[in-house]
Structure formats: C-alpha cells, structure tokens
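K.L.:
the sequence isn't on hand, but the structure is:
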C-alpha cells in the first residue's frame, strides 16, 4: 500500500511516515499543498493523509481540486481545527475521514486501515474507451464484444492507461506504477510489454487506441 503524506510540520510528518513504514506501508512525504496536489495527480496512491493548514495551497483547496479532476483516492484530513463546521466542510468536499491534532498513532493507523478496508469509492467497475471495455473486478477485456486474453502485467498496463485516458504517460512513470521504483530506466521492458499489448488490443482492429508520443511516452484514447 502506497500512501502520500502532505504535512508541513516536519516532526509530525516524520512521526507518521516512520509509523506507517514500520507497519509495512510505503510513504511519500511533501510539505506544501501545491506539491501534494501535483504528486497526487501524477502518481497512484492508495490513500492521501492531508493536513488542512498548508503553505502554497490549503488542504481544503487540494481536496477540492482533486475531486474536480476526478481523483477517487481516499483522503484522511489532519487538522488542529476541531469545530463541527470544519469537519462537515471536509466531508462535503470529499474527504473520507477527519482526524484532529494532536492524535495517537494507533488511532491514525486504525482510521487508515478502516478507510483501506472500504476500498476506493466512486471508481467505475467497468470502463469503456471507444469499443474497448475493461471489467476490473472480473479482469476481463473485450473489443467489439470479442474477448481479449491478457497476462496480469498486460492487464495492469492497460488499466493504468485507461484510468489515465487521454494523458500521455512517460516510460518512467509507467515503470514506477507497473513494476517498481527500482526499475532501470535504460531497459526496454516498457516498450516490449507495450508492443505485446498493442498486438492484442489494437492490431486486430481498424481503430487504434494506443499511441506512441515520440520522445514522451504512451497514451490511450479514442481516435
């Protein structure tokens, strides 16, 4: 599980990150709202822990923009503001939970685990791009009603492209999401898997959905 921590208090951020890491989570930490928003839109996270009072951009605005951009990543708000109106505001903006400072790590961990057990909300189970249909729960892909058999890695690759429809994804970004952060950028594993995916998803059909953007990466969209 990969969690983004957006917190400008260095001791608090280190405390949260250390505790989550010891509980086998992977964490990224940023100390201002603008960087938090940029990273949340750039990478896939299982959860965002978001402080409200932040430099550059307040947590309220970060949350608002995330939801406006269609992000369904669960958000746990952290704040010293303990008024009912503040909690209501956060939930109305799309937060999944709200924790008031100061807090015990055991409570934060319990809330994180509860949110993650619920899983992502508002994410469509079936996504269509043109005549391509991806059924995520069933791990089933079809075009024009014809079943396409993909390997687990190919399915993950197609899912990433489809969820980021119309967005050009660099090879490095794809590698971070599908393989690992230890991916060696000088290998051609992304291109090899992309060729195999296109042979199944695009080659048998007239309309091509996956395009190469020279010098940048790959994008999936309806022509």
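P.N.:
Received the coordinates, thanks. Not measured: the values here are computed from a predicted model. Numbers count the residues shown, from 1 in each chain.

K.L.:
from what I see, residue 147 and residue 141 are in contact.
P.N.:
Yes. With contacts defined as C-beta atoms under 8 Å, residue 147 counts as touching residue 141 at a distance of 7.5 Å. All C-beta spots, glycine's among them, are computed from the backbone N, C-alpha and C.

K.L.:
okay, the two: which has more neighbours?
P.N.:
Shown here are residue 147 and residue 141; by other C-beta atoms under 10 Å, residue 141 has more neighbours (22 against 9).

K.L.:
can you list contacts of the helix or strand in which that one is found?
P.N.:
Assigned by DSSP states H and E, residue 141 belongs to strand 140-143. Outside strand 140-143, the residues within contact range by C-beta atoms under 8 Å, 6 or more residues apart in numbering are 131-135, 147-148, 150, 155, 158, 201, 204-205.

K.L.:
for the record, mean pLDDT for the following helix or strand past it?
P.N.:
From strand 140-143 onward toward the C-terminus, using DSSP H and E, the following helix or strand is strand 146-148. Per-residue confidence for strand 146-148 averages out to 96 on the pLDDT scale.

K.L.:
identify the bridge partners of the residue lying closest to residue 132 once chain neighbours are set aside.
P.N.:
Once flanking residues are discounted, residue 132 sits nearest to residue 143: 5.1 Å by C-beta to C-beta, 6 or more residues apart in numbering. Following DSSP bridges, residue 143 is listed with bridge partners residue 132, residue 146.

K.L.:
if I look at residue 143, how far off is residue 92?
P.N.:
According to C-beta to C-beta, to the nearest Å, residue 143 and residue 92 sit 40 Å apart.

K.L.:
and these two? which has more neighbours close in?
P.N.:
When neighbours are counted by other C-beta under 10 Å, residue 143 and residue 92 differ, and residue 143 comes out ahead with 19 against 9.

K.L.:
need the pLDDT of the more buried one.
P.N.:
Reported pLDDT at residue 143 in the predicted model: 96.

K.L.:
go on, residue 140?
P.N.:
In the predicted model, residue 140 carries a pLDDT score of 91.

K.L.:
just want the most central residue of this structure.
P.N.:
In the chain, the centroid-proximal residue (C-alpha atoms, centre = their mean) is residue 44; its distance is 2.2 Å.

K.L.:
tally of neighbours for the closest residue to it other than its chain neighbours?
P.N.:
Once flanking residues are discounted, residue 44 sits nearest to residue 177: 5.7 Å by C-beta to C-beta, 6+ apart. Taking other C-beta under 10 Å as the neighbour definition, residue 177 ends up with a count of 19.
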